[in-house]
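Trainee: this one's sequence-less:
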């Protein structure tokens, strides 16, 4: 398998190809799997994100920083980042997991991404892992609002509408394209009472919904 496209998306080329291979191998596939790298990657990721938040929000208290970090490293967020990398395309899964669609299961994608970060750490050290994590999270960190304490756009939009005593937004998938393991979704968000309709795109339905919600939130809050 050609891992070149994946490494280019990561912004990192492995010196030890075996580490990358193992990081992408699920336990259902072989005895030499990625669980130990996942364990390591989880800790490295938490440290990288904690450091980034510490630098960005110098007035924020410990509990607030912890809530922001928890939102950024939760399974759902990791799975979305993995989908953006099309990580499912590269995972080595056992026959049973392949048949059941394991390449798009959030838990497997999230674990695979953590294992990948652990493998980068083993191959290139902490600085390399920090650069990779920074690249993966660049968009999320760039749009992070300290006042929202890690709340996603859908939650923020819902709270804003509830505060104004308006009905909740309506989401609908209006288009999909691509193979099952690398689908892209087009989702609309409608708030009929305000004549607002926005469209979001993403590698998962949730990513597309979040983008549409963020666009709607910007319109409602202006």
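Mentor: Thanks, I have it. Please read all numbers here as calculations on a predicted model, not as lab measurements.
Trainee: switch to C-alpha atoms for all contacts and neighbour counts from now on
Mentor: Noted.
Trainee: look up the closest residue to the residue most central in space within the chain, ignoring the ones flanking it.
Mentor: Central residue of the chain (Cα atoms, centre = their mean): residue 81, 2.8 Å from the mean position. Nearest non-adjacent residue to residue 81, counting by Cα to Cα, 6 or more residues apart in numbering: residue 136, 7.0 Å away.
Trainee: before we move on, back to that, next one: phi and psi at the residue nearest to the centre of the chain?
Mentor: phi -60, psi -40 (degrees, to the nearest 10).
Trainee: got any ranges where the protein has weak pLDDT?
Mentor: Scanning the chain for pLDDT under 70 picks out 145-150, 180-182.
Trainee: can you list the domains in it?
Mentor: The record's domain split for the chain, according to automatic domain parsing, is 4-146, 153-221.
Trainee: grab the longest helix from the protein for me.
Mentor: Ordering each helix of the chain by length in residues (DSSP state H) puts helix 35-56 first.
Trainee: which elements pack onto it?
Mentor: helix 62-73, helix 106-124, helix 126-136 (3 or more Cα pairs under 8 Å, 6 or more residues apart in numbering; DSSP states H and E).
Trainee: can you mark which positions in it are buried?
Mentor: By neighbour count on 16 or more other Cα atoms under 10 Å, the buried set for helix 35-56 is 35, 37-38, 40-42, 44-46, 48-50, 52-53.
Trainee: go on, stretch 3-16?
Mentor: By 16+ other Cα under 10 Å, the buried positions in stretch 3-16 come out as 6, 10, 12, 13, 14.
Trainee: chain center to that stretch: distance?
Mentor: When distances are taken as Cα atoms, centre = their mean, to the nearest Å, stretch 3-16 is centred 18 Å away from the chain's centroid.
Trainee: how long is that stretch end to end?
Mentor: 12 Å (Cα to Cα, to the nearest Å).
Trainee: who's in contact with it?
Mentor: Residues outside stretch 3-16 that contact it (Cα atoms under 8 Å, 6 or more residues apart in numbering): 20, 85, 86, 87, 90, 120, 123, 124, 128, 132, 135, 136.
Trainee: now stretch 29-47
Mentor: For stretch 29-47, the surrounding residues in contact (Cα under 8 Å, 6+ apart) are 22-27, 69, 73, 92-95, 111-119, 121, 126, 129, 133.
Trainee: check stretch 196-215 too.
Mentor: Counting by Cα under 8 Å, 6+ apart, 80, 83-84, 152-154, 157, 171, 173, 182-191, 216, 219 sit against stretch 196-215.
Trainee: now do stretch 123-132
Mentor: With contacts defined as Cα under 8 Å, 6+ apart, stretch 123-132 is touched by 10-12, 14-16, 19, 44, 48, 117-118, 120-121.
Trainee: I appreciate the help and will end here.
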